[in-house]
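>>> no FASTA, just this:
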């Protein structure tokens, strides 16, 4: 009998140290029976984590091999179901990673998604465990304690998405136990509801954005002092152009600063036609294994975008695999986006702007203007559905102003009615 890793298949034996290249934790391992009969090697995975039961299963397996007639009507082996909450979390983690999952039921998931999902469930488990002296079982979870946990989380969460991620993770966990594994237990997450997003998106006005751009300077006034006393300079040489490319392309922060000179497309006259952006959020969520074509977003021409590209000398570097923003910076695009977000808020406060706009609101401004002036925001592919755009991006007062500017009226003028 051997101990085998469920993830990489290597024999671990009784040592938890790295062995034969395996460094997975011990709770990811299983017992495996290996029996030699008449020169042939027979194996069987044992569906138990208990040592004494595993030994018994090995002896039964050997007896079956020695008496092949008895194998004709073998009883169907019942899958063992862990009871402890922590063991069920580990089982769910294996399932998310497609360990022992049938081929047609497998689903590719990002490592970060699995990590965060299991993390949310573990937080609930820790909260529940504090209120009991015994090992927590999935069959004795107190509904009132679960409600208390999410009630506290609802009040403390500054981010709506963080609260909703917690809800989705734990609902998915109980759905897995009840529907996939067939546990007959009470679902304390059955009545859980997501926290509503704000129905009224806001945007960055042209005046506010212009103030922020003008305030970007490298003088001493660009030093921010944090609550812990740490002083940090918020200015970077590329910061103004970074704010502009986010505003003029309508892409998410990381997507906008990831645009390269090779993404610029010219028309037949050699002038700027459009710029190619990549929907990184879609790529991470729906094209993790690169099995589909990359989802691109054709960023439309605007005079502001062309002016920015001219300042970045795009015709000199056209076709180069080189970032438009901070090409020589030794920093990841994700880290740069985070830094830019903090800097934008710093310069916003420096200008005395009281509206709580962030760098992400530049995307809302862009999509609102596209919709108000052309009505083609959905066709450009910035979002998967128009419903997402309508609910989360379009600033309704701006649409109303655009309708007014187009001369909207319900009825014809009196002289027009008389003429007809």
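Right, received. Where do you want to start? Since we're looking at a predicted model, the values are computed, not measured.
>>> contact partners for residue 389?
Counting by C-beta atoms under 8 Å, 6 or more residues apart in numbering, residue 389 touches 367, 371, 377-378, 382-383. Bear in mind the C-beta positions are built from the backbone N, C-alpha and C, glycine included.
>>> if I look at it, how far off is residue 86?
42 Å (C-beta to C-beta, to the nearest Å).
>>> which among the contacts of residue 389 gets closest to residue 276?
residue 382 (13.2 Å; C-beta to C-beta).
>>> need the pLDDT of that closest one.
With respect to pLDDT, residue 382 has a value of 83.
>>> what number of residues lie near it?
23 (other C-beta atoms under 10 Å).
>>> ok, now the one 10 residues further on?
When counting by other C-beta under 10 Å, one arrives at 15 neighbours for residue 392.
>>> hmm, it is touching residue 202, no?
No: using C-beta atoms under 8 Å, residue 392 makes no contact with residue 202, being 11.3 Å away.
>>> strands along the stretch 251-400 of the chain, start to end?
For the stretch 251-400 of the chain, the strands defined by DSSP state E, counting those that start in this stretch cover 264-266, 272-278, 296-300.
>>> nearest to residue 177, out of these?
Nearest to residue 177 among the strands of the stretch 251-400 of the chain is strand 272-278; the distance by C-beta to C-beta comes to 37.5 Å.
>>> could you list every helix and strand in contact with that closest one?
When contacts are defined as 3 or more C-beta pairs under 8 Å, 6 or more residues apart in numbering; DSSP states H and E, strand 272-278 packs onto helix 253-257, strand 264-266, strand 296-300, helix 303-311.
>>> OK, contacts around residue 308?
Counted by C-beta under 8 Å, 6+ apart, residue 308 has contacts 241, 244-245, 248.
>>> quick one: closest of the strands of the stretch 251-400 of the chain to residue 211.
Going by C-beta to C-beta, the one of these nearest residue 211 is strand 296-300, 25.0 Å.
>>> centre of the chain to the closest one, how far?
Distance, stretch centre to chain centre, for strand 296-300: 22 Å (C-alpha atoms, centre = their mean, to the nearest Å).
>>> please name the strands paired to it in the sheet, noting orientation.
Strands that pair with strand 296-300, judged by DSSP bridges, come out as strand 272-278 (antiparallel).
>>> so for the strand it pairs with, mean pLDDT?
93.
>>> return the angle between stretch directions for that strand and helix 303-311.
90 degrees (axes from the mean of the first three to the mean of the last three C-alpha atoms, to 10 degrees).
>>> in strand 272-278, what's buried?
272, 274-275, 277-278 (16 or more other C-beta atoms under 10 Å).
>>> and for that strand, what are the contacting residues?
249, 251, 255-256, 258-259, 263-267, 294-301, 305-306, 309, 314.
>>> 10 Å instead?
Residues from elsewhere that reach strand 272-278, judged by C-beta atoms under 10 Å, 6 or more residues apart in numbering: 245, 248-252, 255-256, 258-260, 262-267, 294-303, 305-306, 309-310, 314-315, 324, 380-382.
>>> show the buried residues in the residues you listed.
245, 248-252, 255-256, 258-260, 263-264, 295, 297, 299-300, 302, 305, 309, 314, 324, 380, 382.
>>> between residue 392 and residue 202, what contacts are shared?
Joint contacts of residue 392 and residue 202 (C-beta under 10 Å, 6+ apart) are residue 364.
>>> tell me the contacts of the nearest residue to residue 250 once chain neighbours are set aside?
With sequence-adjacent residues excluded and distances taken as C-beta to C-beta, 6 or more residues apart in numbering, residue 250 is closest to residue 366, at 3.4 Å. Each residue near residue 366 by C-beta under 10 Å, 6+ apart is listed here: 203-204, 246-251, 299-300, 302, 377, 382, 393.
>>> all helices for the stretch 1-150 of the chain, in order.
Along the stretch 1-150 of the chain, counting by DSSP state H, counting those that start in this stretch, helices occupy 51-66, 85-96, 111-129, 143-156.
>>> and the contacts of the longest one?
With C-beta under 10 Å, 6+ apart as the contact definition, helix 111-129 has outside contacts at 84-86, 88-90, 92-93, 96-97, 109-110, 135-136, 138, 140-142, 145-146, 148-150, 152-153, 162, 165-170, 172-174, 188-189, 284-285, 288.
>>> ChimeraX command to pick out the buried ones of these?
In ChimeraX syntax, the buried subset of those is picked out as below (16+ other C-beta under 10 Å):
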select :85,86,88,89,90,92,93,96,97,136,138,141,146,149,150,153,165,166,167,169,170,172,173,174,188,189
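>>> before we move on, the earlier item: among the strands of the stretch 251-400 of the chain, which is nearest residue 342?
strand 272-278 (23.2 Å).
>>> give me the distance between the nearest residue to residue 41 once chain neighbours are set aside and residue 44.
Distances taken as C-beta to C-beta, 6+ apart put residue 34 closest to residue 41, at 6.6 Å, once the chain neighbours are dropped. Distance of residue 34 to residue 44, given as C-beta to C-beta: 8 Å.
>>> now do the shared contacts for these two.
58, 61.
>>> okay, these two: which has more neighbours?
Counted by other C-beta under 10 Å, residue 34 and residue 44 do not tie: residue 44 has more neighbours, with 18 against 14.
>>> and the closest residue to the more buried one other than its chain neighbours, how far is that from residue 214?
Spatially, and ignoring its direct neighbours in sequence, residue 44 is nearest to residue 33 (4.7 Å; C-beta to C-beta, 6+ apart). Separation of residue 33 from residue 214 (C-beta to C-beta): 74 Å.
>>> again, but for residue 336
Distance from residue 336 to residue 214, by C-beta to C-beta: 22 Å.
>>> the more surrounded of the two?
Legend: neighbour count by other C-beta under 10 Å for residue 336 and residue 214, higher for residue 336 (21 against 11).
>>> so that one touches residue 236, yeah?
Yes: with contact defined as C-beta atoms under 10 Å, residue 336 reaches residue 236; the gap is 8.6 Å.
>>> for the two, list the residues in contact with both.
Common contact partners of residue 336 and residue 236 (C-beta under 10 Å, 6+ apart): 242, 325-326, 329.
>>> make a markdown table out of these and add distance to residue 115 and pLDDT.
Shown next, in a markdown table, are the shared contacts of residue 336 and residue 236 (distance: C-beta to C-beta, whole Å; pLDDT from 0 to 100):
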| residue | distance to residue 115 | pLDDT |
| --- | --- | --- |
| 242 | 29 | 96 |
| 325 | 29 | 96 |
| 326 | 29 | 94 |
| 329 | 27 | 93 |
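>>> much appreciated, bye for now.
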